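[1] Quick one, fold the following:
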Amino acid sequence: MLAKEKDNTYNGWTNYATWRIKLELIDNYETLEHLAPMFEPNHLKEYCEEIIASELNYKEGTFVEAYALTFLLDVNWHEISEHLQTDYIAQDMGLDYD
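    Residues are numbered from 1 along each chain as shown. Got it, this is the predicted structure:
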């Protein structure tokens, strides 16, 4: 008998980390127009790393920073990028994208 794979998706996203970063840092922090229209995954990751550094007053090497940056390792940046591109195009076309 084959073991069932555990479903790690969360609210329709790849995982909890992807959902939480999209919700907390990307959707609710500030506008991302400067990253549009491509929303490159590496740029999104760097953007979130900068937010973390800013929130910690640029104190590197702290326990909290290590946890936050480790959490980012689980994020599916490509999935977030694809969603942002779709939302950006819909918004540009005047469509309701929520």
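[2] Check the gap between Asn42 and Cys48 for me.
    For Asn42, the distance to Cys48 (C-beta to C-beta, to the nearest Å) stands at 11 Å. For every residue, glycine as well, the C-beta is placed using N, CA and C.
[3] what does Tyr10 give?
    17 Å.
[4] picking that back up, compare Asn42 and Cys48 (neighbour count), which wins?
    Cys48 (23 against 9; other C-beta atoms under 10 Å).
[5] So for the more buried one, what pLDDT did the model give?
    Note on Cys48: pLDDT of 95.
[6] Quick check: phi and psi at the residue nearest to it when sequence neighbours are not counted.
    In space, and not counting its chain neighbours, Cys48 is closest to Leu25: 5.0 Å by C-beta to C-beta, 6 or more residues apart in numbering. The phi/psi pair for Leu25 (degrees, to the nearest 10) reads phi -100, psi -30.
[7] is it true that Leu25 touches Ile51?
    Yes: using C-beta atoms under 8 Å as the test, Leu25 is close enough to Ile51 to be in contact (5.5 Å).
[8] between those two, which one's more packed in?
    Leu25 (20 against 17).
[9] all strands for the chain, in order.
    For the chain, strands defined by DSSP state E do not occur.
[10] Return the helix or strand in it with minimum mean pLDDT.
    Scoring the helices and strands of the chain by mean pLDDT, DSSP states H and E places helix 77-92 at the bottom, with a mean of 90.
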